[in-house]
Structures are given as structure tokens and as C-alpha cells.
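>>> the amino acid sequence is not available; the structure is as follows:
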């Protein structure tokens, strides 16, 4: 996984509403778990304390509205042994983006809090929450734990012990690699560690090195990873296009080519690049030599939602239905296209067909869609009736105003 998007944590779309009530004395909506967390000092205060005590800072970078941060915090709250281990060896701190002070603190205090919270991520290049970062008394990063929510408390303790001893850290692995630059395993491990820390240039440098190795499988995987990373981070498709052009038209190369076209398609869809998305659908169908109904339906749905070319979308979904007239999703897509073409009666008919073909577990979605189109029809008919009434009695409105 590439972790170059700022602040987005795994599982962030799933929010736990573990909040204090709005009637609480401090009128704050900060999650209750924030106050239960055993380490309440902010990271910048911990760094200053660290200079005095000689113990490194351990900062938890969290968002306690997000499931992954909540999981980590609960592991720490529930394990007294881990808490004792941390307190004995570190100046622990919490950086929680879910904190919401009451309005009474004033705008200046709110701005200051925002600067302090973002300062940790900005100063140390943290791109993923939750993270745990160890900072030395010289205010420089010693190492970090990325995705700590995936570790058990004992694994976290073991990892922290390694960091204190200088074992398995980015620095130690980097040093070991430069003692033996022929080690593929060491370079791959170094790439993963750089990637976790969003050190993009270093990742690209070492991927280029792997792409030159004599092992064809390793070299190919590195070249693909390099090209795809350039696409993800820079939006630069040229390395990926160049790699696909080097592939042979059969065997494993053909499979890889198809998979990379799918990745390219996903990239353009996420970027809302409609022209490139449409062109890539066409490329995939040309490459496979088939017009798969699922792909046709997906293409039609994309056009209906993000372009004005509804006529093309209508032709595509009709082609999909012609190939397989028993798929509820295809009729649902055609209902969408019908709606875009202001053909509400046809949209209702297609959605009724979709509902009749849907699996039991999916019927609620299609029922909801059908309700939407029926409501739309009523609104259209009401509006048409009002317009007809005005046209039949043009002076009625002005009389009413008098």
C-alpha cells in the first residue's frame, strides 16, 4: 500500500460515536476515549520535557473519531503493562485530531491548538494516522511505528524495545543495506520502510535499483511498482505506458497488461478524468477483443454519472442487456440513463425490472431507487400541471397578486 495521502487512516470511514453529550459541562464533543487515554501531554510539551529528563518522546498521532485510532487507543487503555513500559522509558504524548475544545476557549486558543496538532505531522512528515513516533532529545526522529493498530500490545512493546536498542529501525536497515548493496531482501525491506514514511524519492531510487537486478521476476515487479507509484503520486502515466508497451501480446505478459489497464482505469475514474476514463474502457475492450457486458454496463454508468454523453451511455447499456438480459444492475443503469434523458416512465419500468431480477438481499436498494423515480415522476407531473394551468389562464397569476 502507498501511504502518500495526508492524514487518511485505514477504516476512517467507520466512525464510532463515542462522544460526550452536548450537555456536558465543557460543551465539548471530544470523544470520551480521549480523556481515558493515559498519556495526556501534547507532543511539543513532551519534547521539551524530554530535553530535561533525557528520555525520548513517544508521540501517539491519533484521530479518535476513526476506527483504526480507536482500536489502538483501546489497546493502550486496556493494557497496564504496556502503559508502565512506556512511562518508564519515554515521555509519552498524545496528538488527537478529534479533540474539540468548547467555544469558550476563544479563537486564538483554537488556532494555537490547530498549529500544535498539525505541527507534529508537518515537522516529521507523518502521512498516516494512527502512527507512533519516537523523537530524540535533539528533537530528531529516531523511528516510528506505522499502522500500530495492527499490532498487539506485546508486539508494540517489543517494537519499542527494538527502537530503543537501535534494532530494526530505518537507520539500522539503511546502514546494513549499504554494507551489502547486492542484497535484494534488504533493499526490498528498505523500500517498504521508506514507503511507510512517505519518503517518495527514496522509494523511487531503490525501486529503480531493483528493476536492474538479474532476477527477472524481481526486476519486473519493481518496474511495475515504480510505474504505478509514479501514476498514483504524480499522476504521470508515461512510465506505466512505457512498461505496457514493452510487454509481449501473449502469456503472462498479456495478463499483466490487462491488470495494468485496469489500474489505469481506476486511476482515471478516481481522478474524474472523463475523457481518459472513456478512452481506457475502449482500450480494454480492444485489447481483450471482447465487449464484456459487465464492462459495458460499468462504462455506461460512468458516462451517465460524469459526462453529458448520455446517448452513448444508452447505447452501451442496451448492448449489455442484449448480451445478458437477466442482470438487475444493467436495468438499474439503464434507469439512471433514462432519468438523465428525462424519460421518467421508462426509468420506472427499468427499475421495476431490476427489482424483479434482484437477489433477495439486494431488493431494498432497488426498491429505494424505484421510489426515487416515482417521486420524480410525481414532481414532474405536478410541475407540468402548474405550467398548463398558467398557460390556460395567463391572467390568473396577476389577478392573484392584486
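Cool, the structure landed. Computed from a predicted model, the values in this text were never measured in an experiment.

>>> sort out which residues of whatever helix or strand residue 191 lives in are buried, please.
Residue 191 is located in helix 184-196, with elements delineated by DSSP states H and E. Under the neighbour-count criterion of 16 or more other Cβ atoms under 10 Å, helix 184-196 has 186, 187, 188, 190, 191, 193, 194, 195, 196 buried. Using the backbone N, CA and C atoms, a C-beta is placed for each residue, glycine as well.

>>> how far off helix 184-196 does the helix or strand just after that helix point, in degrees?
Counting by DSSP H and E, the element after helix 184-196 in chain order, helix or strand, is helix 200-210. Following axes from the mean of the first three to the mean of the last three Cα atoms, to 10 degrees, one obtains 160 degrees for the angle between helix 200-210 and helix 184-196.

>>> now whatever helix or strand comes next after helix 200-210: how far from the chain's centre is it?
Remark: after helix 200-210, the chain's next helix or strand is helix 216-234, criterion DSSP H and E. How far helix 216-234 lies from its chain's middle: 20 Å, per Cα atoms, centre = their mean, to the nearest Å.

>>> so what does helix 216-234 touch, helix or strand wise?
Helices and strands touching helix 216-234, by 3 or more Cβ pairs under 8 Å, 6 or more residues apart in numbering; DSSP states H and E, are helix 200-210, helix 238-245, helix 251-270.

>>> okay, these, which one's buried deepest?
helix 200-210 (a mean of 17; mean count of other Cβ atoms under 10 Å).

>>> how far does that helix sit from its chain's centre?
Worked out by Cα atoms, centre = their mean, helix 200-210 lies 23 Å from the chain centre.

>>> what residues does that helix touch?
4, 184, 187-188, 190-191, 194-195, 218-219, 221-223, 225-226, 229-230, 233 (Cβ atoms under 8 Å, 6 or more residues apart in numbering).

>>> which residues are in contact with the helix holding residue 191?
Outside helix 184-196, the residues touching it (Cβ under 8 Å, 6+ apart) are 2-3, 128, 144, 146-147, 170, 173-174, 176-177, 180-181, 202-203, 206-207, 209-210, 213, 215, 218.

>>> quick check on these: which are buried?
3, 128, 144, 146-147, 170, 173, 177, 202-203, 206-207, 210.

>>> out of those, which one has the weakest pLDDT?
Minimum pLDDT for the buried ones among the contacts of helix 184-196 is recorded at residue 3 (42).

>>> pull the distance from the helix holding residue 191 to the chain's centre.
On Cα atoms, centre = their mean, the centre of helix 184-196 falls 22 Å from the chain's centre.

>>> please apply the same query to stretch 295-314.
On Cα atoms, centre = their mean, the centre of stretch 295-314 falls 25 Å from the chain's centre.

>>> so how far is the helix or strand where residue 300 lies off the chain centroid?
If you go by DSSP H and E, residue 300 is part of helix 293-306. Its chain's C-alpha centre and that of helix 293-306 lie 22 Å apart, by Cα atoms, centre = their mean.

>>> now do stretch 74-94
That offset, for stretch 74-94, works out to 29 Å (Cα atoms, centre = their mean).

>>> ok, back up a step: could you dump the buried residues of helix 184-196 to a markdown table with pLDDT?
Below are the buried residues of helix 184-196 laid out as a markdown table (pLDDT from 0 to 100):
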| residue | pLDDT |
| --- | --- |
| 186 | 95 |
| 187 | 96 |
| 188 | 95 |
| 190 | 95 |
| 191 | 96 |
| 193 | 92 |
| 194 | 93 |
| 195 | 90 |
| 196 | 85 |
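
>>> and which of those is nearest residue 156?
residue 196 (15.5 Å; Cβ to Cβ).

>>> the closest one and residue 145, how far apart?
9 Å (Cβ to Cβ, to the nearest Å).

>>> with residue 367 instead?
In terms of Cβ to Cβ, residue 367 sits 46 Å off from residue 145.

>>> out of the two, which sits in the busier spot?
Using other Cβ atoms under 10 Å, the more surrounded residue of residue 367 and residue 145 is residue 145, with 23 against 14.

>>> and the more buried one, that's in a helix?
No. Residue 145 is assigned strand when assessed by DSSP: H, G, I helix; E, B strand; the rest coil, not a helix.

>>> domains in the protein, by residue range?
Under automatic domain parsing, the residue ranges defining each domain of the chain are 32-165, 301-383.

>>> closest to residue 265 out of those?
domain 301-383 (9.4 Å).

>>> can you get me the start-to-end distance on the closest one?
28 Å (Cα to Cα, to the nearest Å).

>>> okay, and the helix or strand of this protein with the least pLDDT?
Each helix and strand of the chain was given a mean pLDDT (mean pLDDT, DSSP states H and E); the minimum falls on helix 396-401 at a mean of 54.

>>> so where's the stretch 101-250 of the chain uncertain?
101-113 (pLDDT under 70).
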